[in-house]
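Peer 1: Take a look and give me a structure for this.
(chains A, B, C and D)
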There are 2 protein chains.
Amino acid sequence: MNPSERDAGSHPTMRQVAALAGVSLKTASRALNGETYVAPATAERVRQAAAQLGFRRNVLARELRSGARSRSVGLIIGDVANPFYSQIARGAERQLRDHGLQLITASSDDDPEREHDLVAELLERRVSGLLVVTSATDHGYLDVERRRGTPVVFLDRPAEDIVADAVVIDNATGVGLAVEYLLGRRHRRIAIVGDLARLSTQRERLAAFGAAMTAAGVGTWQRFVRADVHDVAAAERAVRELMSAPTRPSAVFTTNNRITTGALRALRDHAQPPALIGFDDFDLADLLGVSVVAHSPELMGQLGAARVIARLQGDESPPIRELLPVTLIVRESSERSSRTRAARRRT
Amino acid sequence: MNPSERDAGSHPTMRQVAALAGVSLKTASRALNGETYVAPATAERVRQAAAQLGFRRNVLARELRSGARSRSVGLIIGDVANPFYSQIARGAERQLRDHGLQLITASSDDDPEREHDLVAELLERRVSGLLVVTSATDHGYLDVERRRGTPVVFLDRPAEDIVADAVVIDNATGVGLAVEYLLGRRHRRIAIVGDLARLSTQRERLAAFGAAMTAAGVGTWQRFVRADVHDVAAAERAVRELMSAPTRPSAVFTTNNRITTGALRALRDHAQPPALIGFDDFDLADLLGVSVVAHSPELMGQLGAARVIARLQGDESPPIRELLPVTLIVRESSERSSRTRAARRRT
DNA sequence: CTGAAAGCGCTAACAG
DNA sequence: CTGTTAGCGCTTTCAG
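Peer 2: You can find the predicted model right below:
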């Protein structure tokens, strides 16, 4: 077989480049790294040799020897294909890239065990830092790493068992805005459809919902709570059920983008759809006229990455929790009447 | 400072684990790797020592020594936040994970130069393989790597200058289905709004469009071509322009998900919207009633990853090009009449 | 300005 | 079953 045709696994080494350029290994290293104290002519010769051989520095060897962490940061999210998460990834990637760091993204499917495995893998790869949207409750092993000097920043869902940096959304305010808006439009039978209750964000949103309802003197809100609705299909089912019960809600609040999608499907052909507000803005929500509690997942990723970078640069201040702002975007879906057919009849 | 409090950068090594367990380095290595010929008791002692120290194997060192490539595969896409790409990532990640490989995703913004830099970085990290949705035209440097034994698989857009594995969508059929459908509904003034003409997929789609129109005897189609429309805002503008021209198209074909989104915005409040078919299915297209040429980006990622894995396992067969099927999903948007107000008046 | 020697943390190849 | 020796490709240290 022609050697130029197939040359399996044979990356040329720096030593080979040095030999071809007629210099020592160390000189080649210096030239290739743009260090000072290399004669311009020598440097040029080395560069030519490297180009000729198609040399590519072995970063693994470099990082091993220099003792440095890998110039990469791990990001653990639920599912890259979910826009909420992929926007986080985008924000983090942008920020990291500006600092010469590579992002390694992994999907946990919101499974604590898988999350644990992924963290272990990333740590074995000696990532410089970790960004994690956790779905686990035990983060002791992460704390060990954090104390060893690996910055760990929690996104969206703070660790509840350890003190660590976190960038989270202002859930209470977001839910408050939505509920108050609906209450202001005289809705009383407001349903809330939530994702896995073990996720802290979901518990926070539900708590804020309950608080607002109770404060408004609506004692019956618990009847209209649906939790642990984890995918679009389940959300669709949950909303259909709510709407086919004897007493129907006049408004529905969905606690994340997937659930909102499910609700939209359930209400698609409904003769008298309830008012709807969803947590998380999404693509085309404007065209569909869906009111939402909006925030910026991309900013979350960006700020999280910035936090990792700050820690890497020696910021030793106590862990902080950054709170991302939310806004209520009112579109058509929240304008539907609080008076259902049945209610009107009674009036 | 309390050493258990802060212990910067100090990951325990296997040597330390061995010392604590009272065995040699090699024995520790064997135990930790689950190799045979280690006394169960010894193995257990090593494991305990490792756990006690919070030991994490340094994968970089392992991979360096064993000469193996890094157990990771690089994926270069345009933008993680674009669902088309993030679904590819999802499919690839799933497939790779089943084979113990980690996915490293990087966004190129469809910029050839950035793509080149990203490839270089990944190669320096000695990824086992590369999946790339290229926006470059020169892939010579990639071919060098391919011959060195790094599997390179092109997704969506095949390399035109080198022979390499590729997984692509059946663009010609997809466009054909859409155009024939519109022609069948008596549309003649069909506009096509395309993305960057330097992307091969876009050229293919435009070519297929032209071929179908010409075959149908519609000679005026070139008037309704808009190309190099790269983002949602530009697409919205392009469609608005088309619709405010003296002679308006009665139907619009958009060549990818972003452009479709822009078109929807442009047509949002249009009194007499043209028929619309978009390439790429998207979330909620059903609720919006948008007809599309559908395919599976996730499958593309999965098949691409499978190809890399096959190559890694020694498959030496000639490079192949896999063609992904497409289907036309007819929803409301393509049912709009080919007779615009003006046309009707003339009749 | 350049080079020789040592070694990052681990595993391969041999001994025992 | 266990240990010793060498060395992956590179950078650090220290001499020229």
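Peer 1: Might you report the residue contacts of the closest residue to A:Ser70 other than its chain neighbours?
Peer 2: Spatially, and ignoring its direct neighbours in sequence, A:Ser70 is nearest to A:Arg126 (4.7 Å; CB to CB, 6 or more residues apart in numbering or on different chains). Backbone N, C-alpha and C define where each C-beta goes, glycine included. Residues near A:Arg126 by CB atoms under 8 Å, 6 or more residues apart in numbering or on different chains: A:Glu63, A:Arg69, A:Ser70, B:His11, B:Asn58, B:Val59, B:Leu60.
Peer 1: Take those residues and keep only those in strands.
Peer 2: Under the assignment DSSP state E, those contribute A:Ser70 to strands.
Peer 1: got any ranges where the stretch 51-200 of chain A has weak pLDDT?
Peer 2: Along the stretch 51-200 of chain A, no part satisfies pLDDT under 70.
Peer 1: excluding its backbone neighbours, what's nearest the residue in the stretch 1-150 of chain A that DNA strand D sits nearest to?
Peer 2: Of all residues in the stretch 1-150 of chain A, A:Met14 sits closest to DNA strand D, at 3.0 Å by CB to the nearest atom of the strand. Nearest non-adjacent residue to A:Met14, counting by CB to CB, 6+ apart: A:Ala28, 5.2 Å away.
Peer 1: Can you tell me how far A:Gly34 is from B:Val225?
Peer 2: 48 Å (CB to CB, to the nearest Å).
Peer 1: For these two, indicate the residue with more neighbours.
Peer 2: In this view A:Gly34 and B:Val225 are compared by other CB atoms under 10 Å in any protein chain shown, and B:Val225 has more residues nearby, 15 against 9.
Peer 1: what is the more buried one paired to in the beta sheet?
Peer 2: B:Val225 forms beta bridges with B:Ile192, as assigned by DSSP bridges.
Peer 1: What segments of the stretch 51-200 of chain A are strands?
Peer 2: Using DSSP state E, counting those that start in this stretch, the strands of the stretch 51-200 of chain A run over A:70-77, A:102-107, A:127-132, A:152-155, A:165-169, A:190-193.
Peer 1: my guess is the residue of the stretch 1-150 of chain A closest to DNA strand D contacts A:Thr27, does it?
Peer 2: No: A:Met14 lies out of contact with A:Thr27 (CB atoms under 8 Å); the separation is 10.1 Å.
Peer 1: how's chain A carved up into domains?
Peer 2: A:3-57, A:69-169+A:297-316, A:171-294+A:328-346 (automatic domain parsing).
Peer 1: deepest of the ones you listed, which one?
Peer 2: Of all those, domain A:69-169+A:297-316 has the most neighbours on average by mean count of other CB atoms under 10 Å in any protein chain shown, namely a mean of 21.
Peer 1: Just the endpoints, please. Distance across that domain?
Peer 2: 18 Å (CA to CA, to the nearest Å).
Peer 1: swap in stretch A:267-274?
Peer 2: Rule used - CA to CA; the end-to-end distance of stretch A:267-274 is 8 Å.
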